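1. predicted structure and sequence below. I'll ask about it afterward.
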Amino acid sequence: MKISVRTTGLPLCRAALPGRAVRTMATAAVAAATHVSSGSSSPMSMPPRLFNVRAAQNARLPVQPASPPRQPTTTTTTPQSQTHPLMPPGYIATTATLPTFTIPSVILPTPSHHLLAKSIISAFRRDGIIQIAQSPLQQRLCKEAMAASKKFFALPPEKKAACVDERSYGGYIASGEEVTDGIADYSEIFTITRDFAKTDSRVKAGWPCHGPVPWPENGGMRETMMRYKTELGEEGKRLVRLVEMGLGLEEGELGRWIGDDGKQGEGGWHHARVLRFPPRNKTNGKGKEGRGIGSHTDYGLLVISAQDEVGGLFIRRPSREERFANWEESAAGLREEEEGWVFVPPVGGTHTVILGDMMQYLTRNYLTATPHKVGLNTRERFAFAYFHEPSFQAVLKPLNGGVIPTDLDDSRKKDKGVHYGTHFTNMFIRNYPERITTKRLLAEGRYGLLERPELRTIGAVPTTTTVEKSV
Ligand SMILES: [Fe+2]
């Protein structure tokens with residue numbers, strides 16, 4: 001096991017930085033940037049509330065006894081009045097200097113791996129984000145993915161706009177199409193969802209969000225992106241195992257919700273987003289009138305991200321005073337304009353990892369989803385985010401054992417669980433209300449399929465009674 005703190009990283013996904021930035025940041029790197037906001041947990045048979053906007057900002061959970069305390073932190077911060085050279089202009093934030101963890105290729109129940117696991121859990125509870133070293137293979141795949149990303153986003157608008165599917169939410173999202181907290185984001189995105197053939201029984205049955213990824217023709221983007229996504233999936237498995245160990249859980253207690261153990265279907269609803277952020281100009285930039293991506297939490301378990309050398313990611317640390325539950329009420333726009341944001345500068349040769357809603361739900365707030373947002377910088381910026389998720393069909397229930405807090409009341413007995421597929425669908429309906437995928441899903445009444453038993457059983461397949469005529 002190796003835990004180290006880097007002040008520089010390996011040049012990776014891209015070229016050098018000017019002057020001071022080179023010495024402190026190196027090149028490529030890590031971190032997040034995606035879209036999304038939340039979903040309503042309201043009656044599953046009902047379409048979600050599309051724009052919950054500001055009320056969500058005040059949504060809080062009851063304070064849990066094991067809420068992450070404000071602990072002494074190894075994260076170095078600069079005074080609010082100082083800005084990092086890579087921080088987007090106009091923002092006020094402290095700057096994180098994160099330790100870099102090296103993740104073993106195989107996780108074993110050894111004392112050193114247990115120590116690593118506990119260190120990672122501590123870092124998540126302290127910082128809300130961890131930084132992990134890229135392997136040489138990951139460095140190469142990241143570099144190739146960034147090159148493919150730039151090639152795709154340089155295509156004519158009409159070619160990019162053609163990459164849309166009416167059944168899945170895969171494919172192209174134009175700048176301004178994504179909505180977070182009711183405000184358009186300036187990010188430009190290609191989403192890589194689970195890629196189902198049109199002949200797949202789940203697609204034919206009209207299961208929400210199930211469909212092909214509308215890849216661009218030629219150019220090899222599919223192969224390049226899938227190689228990187230697949231490798232990050234392996235990293236996700238290792239991280240899930242480490243989280244289990246760090247929480248004191250048995251092997252598989254967390255992983256069983258993903259269903260990638262070969263016993264329960266085809267695995268988690270893992271997906272990825274290829275992101276481009278335009279440079280800031282007079283009509284966009286900081287604030288509600290135009291931002292990269294507004295404040296939100298992601299919705300699954302873990303998000304592994306890479307970013308180029310430009311910089312734009314901000315996160316909020318776990319805080320007992322800032323409770324939210326995005327699966328119950330939208331956390332989009334959460335404290336967008338308030339103090340307390342932490343700029344996460346790019347560090348070459350690393351990925352960053354943040355936590356999603358379902359990790360928070362499963363651990364009863366012992367680990368919390370990481371609020372984050374993206375600011376537009378003076379140059380265009382590219383990033384890649386991989387989402388390691390539960391099975392679409394999983395109905396999750398809070399974990400027991402280990403360090404997971406016990407209840408002071410019987411609320412756990414009353415908890416009917418969270419259906420991840422519904423949470424995911426709500427997210428995308430909310431974020432893309434005008435997309436053809438959303439309109440067709442609602443127009444055809446397929447939202448109600450999320451209630452069906454086969455959509456709530458990991459590994460189940462459509463039954464003959466499913467609404468096949470809907471697609
Ligand atoms: Fe995100």
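-> Ah, there it is.

2. can you map out the helices along the protein?
-> Taking DSSP state H, the helices of the chain run over residues 19-25, 111-127, 136-153, 157-161, 201-204, 221-247, 357-362, 411-414, 420-431, 436-443.

3. show me what counts as buried in the fifth one.
-> Think helix 201-204. Neighbour-count burial for helix 201-204, counted by 16 or more other C-beta atoms under 10 Å, picks out R202, V203, K204. The way it works is simple: take the backbone N, C-alpha and C, and place the C-beta from them, glycine included.

4. cool, and the second one?
-> Using 16+ other C-beta under 10 Å as the burial criterion, the residues of helix 111-127 that qualify are 113-114, 116-121, 123-127.

5. now swap in the last one and tell me
-> Buried residues in helix 436-443, counted by 16+ other C-beta under 10 Å: T437, T438, L441.

6. I'd say the second one and N431 touch.
-> No - proximity of T438 to N431 does not meet the contact threshold set by C-beta atoms under 8 Å, at 9.0 Å.

7. surely D200 touches R194?
-> No - counting by C-beta under 8 Å, D200 sits too far from R194 to count as a contact (9.8 Å).

8. report the set of residues contacting both of those two.
-> Common neighbours of D200 and R194 are listed as H210 (criterion: C-beta atoms under 8 Å, 6 or more residues apart in numbering).

9. show me which of the two is the more surrounded one.
-> Between D200 and R194, counted using other C-beta atoms under 10 Å, the more crowded position is R194 (21 against 17).

10. using PDB, write down the CA coordinates of stretch 438-458.
-> Output of stretch 438-458 as PDB, limited to C-alpha atoms (Å, rounded to 0.1, in the frame of the first residue of the first chain):
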ATOM      1  CA  THR A 438     -38.200  12.400 -22.100                       C
ATOM      2  CA  LYS A 439     -41.200  13.400 -24.300                       C
ATOM      3  CA  ARG A 440     -41.600   9.900 -25.700                       C
ATOM      4  CA  LEU A 441     -41.200   8.200 -22.300                       C
ATOM      5  CA  LEU A 442     -43.900  10.300 -20.800                       C
ATOM      6  CA  ALA A 443     -46.200  10.400 -23.900                       C
ATOM      7  CA  GLU A 444     -46.100   6.600 -24.100                       C
ATOM      8  CA  GLY A 445     -46.900   6.200 -20.400                       C
ATOM      9  CA  ARG A 446     -43.800   4.100 -19.900                       C
ATOM     10  CA  TYR A 447     -42.800   5.800 -16.600                       C
ATOM     11  CA  GLY A 448     -45.300   3.500 -14.800                       C
ATOM     12  CA  LEU A 449     -43.300   0.400 -15.900                       C
ATOM     13  CA  LEU A 450     -40.800   1.300 -13.200                       C
ATOM     14  CA  GLU A 451     -43.300  -0.200 -10.800                       C
ATOM     15  CA  ARG A 452     -43.300  -3.600 -12.300                       C
ATOM     16  CA  PRO A 453     -41.700  -6.400 -10.400                       C
ATOM     17  CA  GLU A 454     -39.300  -7.400 -13.100                       C
ATOM     18  CA  LEU A 455     -37.900  -3.800 -13.100                       C
ATOM     19  CA  ARG A 456     -37.300  -4.100  -9.400                       C
ATOM     20  CA  THR A 457     -35.500  -7.400  -9.400                       C
ATOM     21  CA  ILE A 458     -31.800  -7.500 -10.200                       C
END
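
11. for it, the distance to its chain's centre please.
-> 23 Å (C-alpha atoms, centre = their mean, to the nearest Å).

12. buried residues in that stretch, which are they?
-> T438, L441, R446, Y447, L449, L450, R452, E454, L455, R456, I458.

13. nearest to the ion among these?
-> For the buried residues of stretch 438-458, the residue nearest the ion by C-beta to the ion is T438; the value is 18.9 Å.

14. how many other residues sit next to the closest residue to G176 other than its chain neighbours?
-> Take G176 and drop its neighbours on the chain: the residue closest to it by C-beta to C-beta, 6 or more residues apart in numbering is A184, 4.5 Å away. Using other C-beta under 10 Å, A184 is surrounded by 17 other residues.

15. thought A184 was touching I173?
-> No - using C-beta under 8 Å, A184 makes no contact with I173, being 11.0 Å away.

16. pLDDT weak spots in the chain?
-> 1-82, 260-266, 282-290, 407-414, 464-471 (pLDDT under 70).

17. how long is stretch 215-228 end to end?
-> Chord length of stretch 215-228, first to last residue, is 15 Å (C-alpha to C-alpha, to the nearest Å).

18. identify each buried residue in it, please.
-> Buried, per 16+ other C-beta under 10 Å, within stretch 215-228: W215, P216, M221, T224, M225, M226, Y228.

19. farthest pair within those?
-> The distance between the two most remote of the buried residues of stretch 215-228 (C-beta to C-beta) is 16.3 Å, for P216 and Y228.

20. ok, for the residue of the stretch 251-400 of the chain found nearest the ion, nearest residue in space, not its chain neighbours?
-> Of all residues in the stretch 251-400 of the chain, D298 sits closest to the ion, at 4.3 Å by C-beta to the ion. The spatial neighbour of D298 that comes closest, neighbours along the chain excluded (C-beta to C-beta, 6+ apart), is G356 at 4.3 Å.
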